[in-house]
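Q: show me how the following folds:
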Amino acid sequence: MFVNPRDPDNKIINSKILEWVLAFEEIPKDVSIHTREVSCNDPGCIHTDTYITIKGSNDFKKEIMIRKPLVYIRKWDIVL
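A: Take a look at the predicted model:
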């Protein structure tokens, strides 16, 4: 797993992801996000995927999968 030495707890990137998610008009403003990285179990696989779960009131829930480690995610990667 990749770790940013300046943000080992991923607080900065998670706050940026929340900011980028809230920029979409269809997303309620009271959402929370949860990110998790999933590595492939195949020994020949080098992929690490990041899952972003967006939850809000009124049973709003959306999950985005990005084929990058969390530390490499940027605004343009988030597509709803």
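Q: nearest residue to the most centrally placed residue in the chain in space, please, no chain neighbours.
A: In the chain, the residue lying closest to the centroid (CA atoms, centre = their mean) is I52, at 3.6 Å. Counting by CB to CB, 6 or more residues apart in numbering, I64 is the residue found nearest to I52 once chain neighbours are left out, at 4.5 Å. Using the backbone N, CA and C atoms, a C-beta is placed for each residue, glycine as well.
Q: tell me, how many residues neighbour the one you found?
A: 18 (other CB atoms under 10 Å).
Q: and I33, how far from K55?
A: 8 Å (CB to CB, to the nearest Å).
Q: out of the two, which sits in the more crowded spot?
A: Neighbour totals were compared for I33 and K55, and I33 leads with 18 against 15 (other CB under 10 Å).
Q: wouldn't the more buried one be in contact with I17 here?
A: Yes: I33 is within contact range of I17, at 6.0 Å (criterion: CB atoms under 8 Å).
Q: which parts of this structure are strands?
A: Taking DSSP state E, the strands of the chain run over residues 32-39, 48-55, 61-66.
Q: same question for the second one, mean pLDDT?
A: When the per-residue pLDDT values of strand 48-55 are averaged, the result is 93.
Q: which residues touch the residue lying closest to N58 once chain neighbours are set aside?
A: Leaving aside its chain neighbours, N58 sits nearest to P28 (7.5 Å; criterion: CB to CB, 6+ apart). By CB atoms under 8 Å, 6 or more residues apart in numbering, the contact list for P28 reads 56-58, 60.
Q: what is the nearest of those residues to Y72?
A: Nearest to Y72 among those is G56, at 26.0 Å by CB to CB.
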